[in-house]
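Chemist: when you get a sec, could you give me coordinates for this:
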Amino acid sequence: MSRLPALSVIIPVYHGWDDLAGLLAALAAQTFQDFEVLIADNEREPYPEAALQALIPPGLQGRVTHIHCPRPGSYAARNAAAAKARGARLVFTDADCRPLPGWLAALAAAGARMPAALLAGPIRMITGPDPGIWEIYDALRGIPQARYVAHGYATTANLSVERAMFETLSGFDPRRLSGGDAEFCRRARRAGAALHLVPDAITQHPARSSRAECVTKVRRIKGGQLTSGSPRQRLIWAIRSLTPPLREMLAYLRSTDFPIRWRLIACAARLRLWFSELAEMGRILILRHPPERR
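Modeler: From the prediction side, this is the model:
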């Protein structure tokens, strides 16, 4: 592109190249097309350029930039891509997300009305026709972006920020392997930025279908809680982790959006994952293993 794009879509990738083709196809189908794509390659060695080019649909040819960031962590990778972005607004999503066609149009319109605001869109969980235990759990747990926004933060699966503001705030904390999106949003809000939910900026996310995938996620989140932030914050998270997730399970039972069978399955799965969290605490705090980054 000869002129500067309106939006820069940033996608960190670590062991998720099989998912990327679906996301790029969804980007090619957007109704708003004034954007560039930056792939933040977080592998130790760069992903082969020829293999990456094979994933790019014709509609995006010439608009995708491959940026290698070997420093571990998706937030470090996002920062590396943001440093090369040319759009006035940065839009963050993940390789396994599938935005609806009007996603970027809604973010662009909201950005025109509120240029200095952080913008977050809903994330809909999708399941197969016959979901198993773990797919049911992940669908019910979901990624409740509206609730996150009400608490002052949003997830980078669907988040947009003015590039100038991102640079002023020095981007995400690159030391974090999890929770860097919430930390950035809270830091931006302390600096005076507003945070708004854009209801029409919808992306879909497939529910995790295996225990291994769900365990990896809780390990990554627990590692971020126990190794990031102030000592006081880490201590609070450690104490909370020792308590069974009864409040979360009660919230599942109270949900009216899912059948009671699904709610009971989700409670049972959540309890099993709590034991995985306890094991991860032991690995990190006692055995001194590094936190999970996938």
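
Chemist: ok, Lys222 to Glu36 distance?
Modeler: 35 Å (C-beta to C-beta, to the nearest Å). Quick note: C-beta positions are derived from backbone N, CA and C, even for glycine.

Chemist: more neighbours: the two, which one.
Modeler: The neighbour comparison of Lys222 against Glu36 (other C-beta atoms under 10 Å) goes to Lys222, with 25 against 21.

Chemist: what helix or strand is that one on?
Modeler: Applying DSSP states H and E as the criterion places Lys222 in helix 211-227.

Chemist: would you mind writing the CA trace of that helix as CSV?
Modeler: Extracted C-alpha coordinates of helix 211-227, given in CSV (Å, rounded to 0.1, in the frame of the first residue of the first chain):
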residue,chain,number,x,y,z
ARG,A,211,-8.5,-31.3,28.7
ALA,A,212,-4.9,-30.6,27.6
GLU,A,213,-5.9,-27.3,26.0
CYS,A,214,-7.9,-26.2,29.0
VAL,A,215,-5.0,-27.2,31.4
THR,A,216,-2.5,-25.3,29.3
LYS,A,217,-4.7,-22.2,29.6
VAL,A,218,-5.2,-22.4,33.4
ARG,A,219,-1.4,-23.0,33.7
ARG,A,220,-0.6,-19.9,31.7
ILE,A,221,-3.0,-17.7,33.6
LYS,A,222,-1.8,-19.1,37.0
GLY,A,223,1.8,-18.5,36.0
GLY,A,224,1.0,-14.9,35.1
GLN,A,225,-0.7,-14.4,38.4
LEU,A,226,2.1,-15.9,40.4
THR,A,227,5.1,-14.3,38.6
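
Chemist: next, the distance between the ends of stretch 147-160.
Modeler: 17 Å (C-alpha to C-alpha, to the nearest Å).

Chemist: residues of that stretch that come out buried?
Modeler: By neighbour count on 16 or more other C-beta atoms under 10 Å, the buried set for stretch 147-160 is 148-149, 153-160.

Chemist: many thanks, have a good one.
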